[in-house]
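Student: below is the structure, and that's it, no one-letter string:
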Ligand SMILES: Nc1ncnc2c1ncn2[C@@H]1O[C@H](COP(=O)(O)OP(=O)(O)OP(=O)(O)O)[C@@H](O)[C@H]1O
Ligand code: SF4
Ligand SMILES: [Mg+2]
């Protein structure tokens, strides 16, 4: 059974006039110990996805419908006390900017101990001992002294290591890391990623890694979701997505990578930009920027269909694959989007056609 | 630390210098000291001779230096009315004023923190709306109106509390009589303290609320929530500490300002402090007393600001007092 199973998750922001849709019926699964990447340009809805998994979307935002089955319980339906039990305990989060994540007026020790004591009955000494062990695990030198220090006394890289240590304090089943290295010096970004990979593997923790960087996704994750305007437009095994992207948007992202460009040539950026939530284009939201767009793309939201190890939502891909007449392709996805299992055989079991889920929230 | 203290001391000296020049200029232009010293009957020649002897014909700078020199030795002149050294008169009145300011400060801190925090946490609640509405009223109503309204209600109509004076006071040391050791003293200080607090309280509630609301939006508060920390701990440990840092700075200045507001409050309640005394001194053109008052109040201002700065440095871990000003 999947550790996390998100179904038809829809998140809206209540604006003055009407509400805008930030996440439009996204579905995906995550197996225990699996590492999943979420990529997409700025504004695609990656962070909103990460925060909604903890039901941490602030004020005008709300979960409109959908399920977030985590460890057999639906987070979307939980009240605050139940959520408090999950947060930091079974599911931990690593924020983007370590310079503003830690409270400036509390010591590292206080911020670690409070996390432990929020979930377990421990004495101060016991909690500090655990904190010291975890600080060692993230290679913080002289951890005993760090406990007495304030965040401003430490470098950004050191702070992010501490935040990783805090995430590991209660041995969670899932860690959500939202661009954990973007705010850091380039020279230490790789170190932090290596550390996270090592810790996830040794502790058998599932990871959801939100990032702009397809290279990082390739190094860190087994499966990837590509998001555009609040929808998942392609998902599947990371290797497949990087080596053989199907969706025109994913292809655009990969073509824009610096290593895809010959020296001296300008980067091949996708023309145009991510739409704002207040005017998401009709049909396929990517159509104003897509070279393959047809009139159908402007009116009809493409279904999410499975082709081998990936699931894609694109009319053009659907047409091409149908034309090739390949056996076993074009299967509607089991629950609209990526399945938990990395192996392809599991995909073949999903054969029932489910118009509603395949169309996502097309209505 | 040492560098900081030296820097701070220089600032204090500079401020005191400005205050002393202003005070002296006032003294120089306010009334004629001779008229206070001698009667109308003295002839012009004698007056001129006295002027020369008293140094009143010297240049402004010479006269100022003489004034400053005496002031540094604790001599701010003799009150025309009390026939006593001005400083002595003031020190007799000082405890009453300081106790009043203290009472008001306790009320302000005791109420503004819980009210500010509550209205920030539940900005749309009925109670919050009432508090915010009242705070607008509180800011716009002048102190003397608040004071008179309270006297009318609690002293005249309900007859619960006395309306003037300090009541029974108990000497603790020197000139210091305290209100806080007798029931009657407490009853007397209550209304004036509330009246004095009423100016600053709404400001502080609004300030704490605004700072708190901003702090509650911060990443570290969201992060604390993501760690599963209880709301009460988030409000009072994570958010309040960060909220109070800027409030301390503003608060220090306001407490200094409050000393000036005591003039109004003390007058309405006939409170025998130095604010009341100052107003009488102005009426009597008791120049040495006026000047001494200005200098003492300026000094209190400088001292409170320095103390508040030091507290800020101690509370804020990102400021290293040992290295401040270095
Ligand atoms: N409080 C809010 N109110 C209204 N809209 C919001 C709010 N927070 C986020 N959004 C919008 O939701 C959309 C998705 O935001 P999100 O932060 O998830 O993007 P992202 O994919 O994480 O981008 P980035 O790479 O820049 O972090 C954006 O268009 C953003 O403007
Ligand atoms: S559905 Fe149409 S517009 Fe959207 S990506 Fe495919 S071809 Fe382009
Ligand atoms: Mg983001």
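Tutor: Nice, thanks for sending it over. This structure is a prediction, so every number in the text was calculated from the model and none was measured. Ligands and ions are numbered 1, 2, ... in the order given.
Student: and residue B:306, how far from residue B:261?
Tutor: 21 Å (Cβ to Cβ, to the nearest Å). Every residue, glycine included, has its C-beta placed from N, CA and C.
Student: what do you get for residue A:196?
Tutor: 58 Å.
Student: what helix or strand does the closest residue to chain A within the stretch 51-200 of chain B sit in?
Tutor: Evaluated by Cβ to the nearest Cβ, the stretch 51-200 of chain B has residue B:123 as its residue closest to chain A, separated by 10.6 Å. Residue B:123 is part of no helix or strand, with elements assigned from DSSP states H and E.
Student: any idea which helix is longest in chain A?
Tutor: In chain A, assigned by DSSP state H, the helix with the most residues is helix A:186-203.
Student: which secondary structure elements does that one contact?
Tutor: helix A:156-168, strand A:174-178, strand A:206-210, helix A:214-220 (3 or more Cβ pairs under 8 Å, 6 or more residues apart in numbering or on different chains; DSSP states H and E).
Student: between those, which gets nearest to residue B:72?
Tutor: Residue B:72 lies closest, by Cβ to Cβ, to one member of the helices and strands packed on helix A:186-203: helix A:156-168, at 51.6 Å.
Student: pull the residues that contact that closest one.
Tutor: A:88, A:92-95, A:98-99, A:101-102, A:108, A:111-112, A:115, A:131, A:134-135, A:137-140, A:146, A:151, A:154, A:175, A:180-181, A:183-185, A:188, A:191-192, A:195-196, A:199, A:203, A:205, B:227 (Cβ atoms under 8 Å, 6 or more residues apart in numbering or on different chains).
Student: what subset of those is buried?
Tutor: With neighbours counted using 16 or more other Cβ atoms under 10 Å in any protein chain shown, the contacts of helix A:156-168 contain these buried positions: A:88, A:92-95, A:98-99, A:101-102, A:108, A:111-112, A:115, A:131, A:134-135, A:137-138, A:140, A:146, A:151, A:154, A:175, A:180-181, A:183-184, A:188, A:191-192, A:195-196, A:199, A:205, B:227.
Student: quick one: low-confidence parts of the chain?
Tutor: Picked chain A for this. A:261-263, A:266-267, A:325-363 (pLDDT under 70).
Student: the chain in question should be chain B.
Tutor: Those would be B:1, B:28, B:30-41, B:54, B:320-326, if you go by pLDDT under 70 across chain B.
Student: assign a three-state SS to the residue most central in space within chain B, would you?
Tutor: When chain B is reduced to its mean C-alpha position, the nearest residue by Cα atoms, centre = their mean turns out to be residue B:259, at 2.3 Å. When the structure is split into helix, strand and coil by DSSP: H, G, I helix; E, B strand; the rest coil, residue B:259 lands in helix.
Student: ok, it touching residue B:101?
Tutor: Yes: under the criterion of Cβ atoms under 8 Å, residue B:259 is in contact with residue B:101, at a separation of 6.1 Å.
Student: residue B:163 should be in a helix, yeah?
Tutor: No: when the secondary structure is assigned by three-state DSSP, residue B:163 falls in coil instead of a helix.
Student: I figured it hits residue B:195, correct?
Tutor: No: applying Cβ under 8 Å as the test, residue B:163 and residue B:195 come out as separate, 11.0 Å apart.
Student: so the two - more neighbours on which side?
Tutor: For residue B:163 and residue B:195, the more surrounded residue by other Cβ atoms under 10 Å in any protein chain shown is residue B:195, and the numbers stand at 27 against 19.
Student: with adjacent residues omitted, what lies nearest to that one?
Tutor: Leaving aside its sequence neighbours, residue B:195 sits nearest to residue B:147 (Cβ to Cβ, 6 or more residues apart in numbering or on different chains; 4.1 Å).
Student: run a quick neighbour tally on that neighbour.
Tutor: Counted with other Cβ under 10 Å, the neighbours of residue B:147 add up to 22.
Student: which residue does the stretch 201-350 of chain A have closest to ligand 1?
Tutor: Proximity of the stretch 201-350 of chain A to ligand 1 (Cβ to the nearest ligand atom) peaks at residue A:277, 4.7 Å away.
Student: how much space between the closest residue to that residue other than its chain neighbours and ligand 1?
Tutor: Taking Cβ to Cβ, 6+ apart as the measure, residue A:277 lies nearest to residue A:20, with 4.1 Å between them; neighbours along the chain are not counted. When Cβ to the nearest ligand atom, to the nearest Å is applied, the distance between residue A:20 and ligand 1 equals 7 Å.
Student: and the helix or strand hosting residue A:20, what does it pack onto?
Tutor: Assigned by DSSP H and E, residue A:20 falls within strand A:19-30. When contacts are defined as 3+ Cβ pairs under 8 Å, 6+ apart, strand A:19-30 packs onto strand A:4-14, helix A:46-53, strand A:61-70, strand A:231-237.
Student: can you rerun that using 7 Å?
Tutor: strand A:4-14, helix A:46-53, strand A:231-237 (3 or more Cβ pairs under 7 Å, 6 or more residues apart in numbering or on different chains; DSSP states H and E).
Student: got the angle between the second one and strand A:206-210?
Tutor: Translated: helix A:46-53. Between the direction of helix A:46-53 and that of strand A:206-210, the angle (axes from the mean of the first three to the mean of the last three Cα atoms, to 10 degrees) works out to 150 degrees.
Student: quick check: buried residues in stretch B:237-255?
Tutor: Along stretch B:237-255, the positions that meet the burial threshold by neighbour count (16+ other Cβ under 10 Å) are B:237-247, B:249, B:251-252, B:254-255.
Student: er, stretch B:137-146 actually
Tutor: Within stretch B:137-146, the residues scored as buried using 16+ other Cβ under 10 Å are B:138, B:143, B:146.
Student: helix, strand or coil: sort out the residue nearest to the first one when sequence neighbours are not counted for me.
Tutor: Right, residue B:138. Setting aside the residues directly before and after it, residue B:138 is nearest to residue B:202 in space (Cβ to Cβ, 6+ apart), at 3.7 Å. At residue B:202, secondary structure determined by three-state DSSP is helix.
Student: residue B:202: how many residues sit nearby?
Tutor: The tally of other residues near residue B:202 (other Cβ under 10 Å) stands at 23.
Student: list the contacts for it?
Tutor: Listed by Cβ atoms under 7 Å, 6 or more residues apart in numbering or on different chains, the contact set of residue B:202 reads B:135, B:138, B:139.
Student: rewinding a little: which of the helices and strands packed on strand A:19-30 is buried the deepest?
Tutor: Comparing these on average neighbours per residue, with mean count of other Cβ atoms under 10 Å in any protein chain shown, the densest one is strand A:231-237 at a mean of 27.
Student: list the helices and strands that one packs on?
Tutor: Packed against strand A:231-237 by the contact rule (3+ Cβ pairs under 7 Å, 6+ apart) you find strand A:19-30, strand A:223-228, strand A:310-312.
Student: any part of whichever helix or strand comes after the last one near ligand 2?
Tutor: Elements were assigned by DSSP H and E; along the chain past strand A:310-312, the next helix or strand is helix A:315-324. Yes: Helix A:315-324 comes into contact with ligand 2 when judged by Cβ under 6 Å from any ligand atom, the residues involved being A:315, A:316.
Student: can you give me the angle helix A:315-324 makes with strand A:231-237?
Tutor: For helix A:315-324 against strand A:231-237, the angle by the same axes, to 10 degrees is 50 degrees.
Student: what about residue B:306 and residue B:261, which has more around it?
Tutor: With neighbours defined as other Cβ under 10 Å, residue B:306 and residue B:261 compare such that residue B:261 has more, 21 against 16.
Student: that one touches residue B:198, doesn't it?
Tutor: No: taking contact to mean Cβ atoms under 7 Å, the distance of 9.9 Å between residue B:261 and residue B:198 leaves them out of contact.
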